[in-house]
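> coords please:
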Amino acid sequence: MSGLYDEGFVERLRRGAEGLSAEWDLGPEARIRLLTLSENATFIAEDPARDTPLILRVHRPDYHSKAEIESELAWINALRDSGAVDTPEPLLVRNGTHIASFEDAGQTRHVVGFSFMSGKEPDADASLVPGFEMLGAISARLHGHVRSWTPPAGFVRKTWNFETAFGPAPLWGDWRAALGLTPAQKEVLERLCTVLEAKLAAYGAGADRFGLVHADLRLANLLVEGDRLGVIDFDDCGFSWFIYDFAAAISFLETDPIVPALQEAWIKGYRSVAPLSDEHVAMIPTFILFRRLLLTAWIASHAETETAAMAGHAAYTEGTVALAEAYLAEHGA
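Prediction:
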């Protein structure tokens with residue numbers, strides 16, 4: 001399926017990153033190859049002169065500004081300094097900053113380097129339940145850090161709320177462009193939107209429930225090795241509801257029978273670190289549907305990515321409608 005990341009564009013990005021290799025002291029024999037395509041193009045740089053590879057993230061055009069990228073990295077460094085989470089180190093380039101860039105077709109492409117973190121993505125089976133207890137504790141530490149941290153001057157990140165997700169200029173595209181969406185299905189999702197907007201407005205965005213969050217703690221952004229659960233890819237971090245971090249964590253698992261056990265484990269882990277009231281827990285189903293509808297829009301606007309293909313394109317839309325119908329039957333008053 002065609003889209004932004006066709007083979008020619010990806011190869012141009014790889015060559016652009018390769019041209020910057022000296023910024024991270026990579027030698028002439030370093031090999032740079034594509035690792036993943038999602039919002040950005042992420043490459044792995046393997047240099048025979050180094051013990052471990054480096055990760056190079058080439059940012060998607062017209063998504064994050066340079067100031068937004070710098071803000072993400074500032075939070076990552078603050079989290080690393082606090083010990084709140086195990087996450088890779090953002091690497092400095094030769095001028096002492098974190099961002100290198102190259103020109104491609106008249107546009108500037110920003111590139112960030114990270115240290116390599118070993119481990120593997122968690123398996124979506126029963127072993128995930130104790131992992132989600134760990135993830136709940138990590139989430140509580142992340143949120144606790146945010147409540148006590150003073151961001152540097154000029155800190156700016158996107159906001160993930162109803163307006164930015166489903167308003168007239170949605171950050172990830174309009175869910176109404178969802179692949180395979182029929183008029184009848186569209187009517188169901190319009191009703192879902194109405195209910196989501198009302199429930200989120202009633203819940204509010206006070207400091208006890210809304211702040212800076214990772215916003216994409218799904219399995220692909222977790223690395224397990226022994227007893228360590230590492231977190232990667234803060235590219236979507238922004239201002240949203242704290243409970244949204246759980247909804248993001250079960251992305252693409254929403255229909256799996258294991259979800260209630262994952263939710264129970266996450267809450268238990270969270271409460272082992274910080275209080276989590278029943279009021280917040282009661283909002284979890286709403287945030288699951290918020291995230292699911294947001295991802296439905298993302299898949300339509302990023303259809304060329306492996307993530308979208310694995311989700312099933314039109315099949316993902318059908319699943320969203322089924323989840324919406326079940327949610328509306330229980331919560332759609």
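> can you map out the strands along the stretch 1-150 of the chain?
For the stretch 1-150 of the chain, applying DSSP state E, counting those that start in this stretch gives strands covering 31-37, 41-46, 54-58, 90-91, 99-104, 107-115.
> tell me which residues in the longest one are buried?
I take that to be strand 107-115. Arg109, His110, Val111, Val112, Gly113, Phe114 (16 or more other C-beta atoms under 10 Å). The way it works is simple: take the backbone N, C-alpha and C, and place the C-beta from them, glycine included.
> ok, which pair from those is furthest apart?
Arg109 and Phe114 (16.5 Å; C-beta to C-beta).
> would you map out the domains in the chain?
7-115, 128-331 (automatic domain parsing).
> centre of the chain versus the last one, how much separation?
In this view, domain 128-331 has its centroid 9 Å away from the chain centroid, taken as C-alpha atoms, centre = their mean, to the nearest Å.
> what about that domain, average pLDDT?
Domain 128-331 shows a mean pLDDT of 96.
> endpoints of that domain, how far apart?
28 Å (C-alpha to C-alpha, to the nearest Å).
> could you do stretch 235-252 as well?
Stretch 235-252 end-to-end distance (C-alpha to C-alpha) = 18 Å.
> any idea how far Ile69 lies from Leu323?
33 Å (C-beta to C-beta, to the nearest Å).
> go on, Leu276?
For Leu276 relative to Leu323 (C-beta to C-beta), the value is 24 Å.
> equivalent analysis for Gly96, please.
On the measure of C-beta to C-beta, Gly96 and Leu323 end up 48 Å apart.
> burial count for Asp81?
9 (other C-beta atoms under 10 Å).
> tell me the contacts of it?
If a contact means C-beta atoms under 8 Å, 6 or more residues apart in numbering, then Asp81 has no contacts.
> got a pLDDT number for it?
97.
> do His59 as well
pLDDT, read off for His59, is 96.
> bridged to the residue nearest to it when sequence neighbours are not counted, which residues?
Distance criterion C-beta to C-beta, 6 or more residues apart in numbering; nearest residue to His59, sequence neighbours excluded, is His110 at 4.5 Å. Applying DSSP bridges to His110 gives these bridge partners: Ser101.
> so who does the residue positioned nearest the centre of the chain touch?
Against the mean C-alpha coordinate of the chain, by C-alpha atoms, centre = their mean, the closest residue is Asp216 at 2.7 Å. Counting by C-beta under 8 Å, 6+ apart, Asp216 touches Asp233, Asp235, Asp236, Cys237, Ala248, Ser251.
> surely it forms part of a strand?
No. Read with DSSP: H, G, I helix; E, B strand; the rest coil, Asp216 is coil and lies in no strand.
> would you mind measuring from it to Ser82?
20 Å.
> got it, and Ser115?
From Ser115 to Ser82 the distance is 18 Å (C-beta to C-beta).
> distance between the ends of stretch 207-220?
29 Å.
> list the buried residues of that stretch.
Buried, per 16+ other C-beta under 10 Å, within stretch 207-220: Arg209, Phe210, Gly211, Leu212, Val213, His214, Ala215, Asp216, Leu217, Arg218, Leu219, Ala220.
> how about the residues you listed in JSON lines, adding distance to Gly19?
Shown next, in JSON lines, are the buried residues of stretch 207-220 (distance: C-beta to C-beta, whole Å):
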{"residue": "Arg209", "distance to Gly19": "45"}
{"residue": "Phe210", "distance to Gly19": "41"}
{"residue": "Gly211", "distance to Gly19": "39"}
{"residue": "Leu212", "distance to Gly19": "34"}
{"residue": "Val213", "distance to Gly19": "35"}
{"residue": "His214", "distance to Gly19": "31"}
{"residue": "Ala215", "distance to Gly19": "31"}
{"residue": "Asp216", "distance to Gly19": "29"}
{"residue": "Leu217", "distance to Gly19": "33"}
{"residue": "Arg218", "distance to Gly19": "32"}
{"residue": "Leu219", "distance to Gly19": "33"}
{"residue": "Ala220", "distance to Gly19": "28"}
